[in-house]
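Enquirer: everything below, folded, please.
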Amino acid sequence: MSNLSLELGEQIAEIGCSYCGGRHKSAYGFICKDGDAYSVYYATLHTGHQQPSVGLTLSVGNWWDDDAVAERQWVFLRVWATPDELKMEVLQPSLSQHQNNKSLGKALTREAALASPFLPQIFEVADYIVLNDPAVNSYLETGA
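Expert: Next up, the predicted model:
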């Protein structure tokens, strides 16, 4: 496993949901891999829905160079807890609240992400976020 570290964003924002009309919480952070900036993520905590879930917009690649947008790719995941485990599902990028953020790099469709040789790295970073971001972890464990 790579040496990952997390830098939390400064605040948790309240945002509107364009699908249900409700209000959600949004957290973000940065992941370093072996000391280099490697990933940015936005986690939407779907607090307005019956089943707690997180929409995770996750960009991986060259984040140590601000001009290297072409060397990044991003996916949109849904993360939720069952009584026995956490589950993740790759969704279409058009479902992400951050789909128009050009700095994330190339959006991977569900099909492209599932076929990508980088999928294990994407899930490694997603697992790390779920376990180490206190807002995401707490929400998935308690629903609050």
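Enquirer: for the protein, give me the ranges with low pLDDT.
Expert: For the chain, residues meeting the criterion pLDDT under 70 lie at 1-2, 13-24, 48-49.
Enquirer: so which residues of it form helices?
Expert: 110-115, 119-132, 134-142 (DSSP state H).
Enquirer: which residues sit against the longest one?
Expert: Around helix 119-132, the neighbours that count as contacts under CB atoms under 8 Å, 6 or more residues apart in numbering are 1-2, 4, 6, 29, 31, 33, 38-39, 41, 43, 54, 56, 58, 60, 75, 77, 79, 86, 88, 113, 116, 136-137, 140. C-beta here means a position set from N, CA and C on the backbone, and glycine is covered the same way.
Enquirer: now swap in the shortest one and tell me
Expert: Outside of helix 110-115, the residues within contact range by CB under 8 Å, 6+ apart are 75, 90-92, 119, 122.
Enquirer: now, the contacts of helix 119-132 that are in strands?
Expert: 4, 6, 29, 31, 33, 38-39, 41, 43, 54, 56, 58, 60, 75, 77, 79, 86, 88 (DSSP state E).
Enquirer: thinking again about what came up before, who wins for most neighbours among the contacts of helix 110-115?
Expert: Val75 (29 neighbours; other CB atoms under 10 Å).
Enquirer: and the residue nearest to it when sequence neighbours are not counted, how many residues sit next to it?
Expert: Spatial nearest neighbour of Val75, chain neighbours left out: Ala113 (4.7 Å); criterion: CB to CB, 6 or more residues apart in numbering. For Ala113, the neighbour count with other CB under 10 Å is 21.
Enquirer: the one 10 residues further on now?
Expert: As a burial measure, Phe123 scores 15 neighbours (other CB under 10 Å).
Enquirer: and for Asp36?
Expert: That count, for Asp36 with other CB under 10 Å as the rule, works out to 10.
Enquirer: before we move on, what about Ser116?
Expert: When neighbours are counted by other CB under 10 Å, Ser116 comes out with 15.
Enquirer: quick check: it vs Trp64, distance?
Expert: Using CB to CB, to the nearest Å, Ser116 is found at 21 Å from Trp64.
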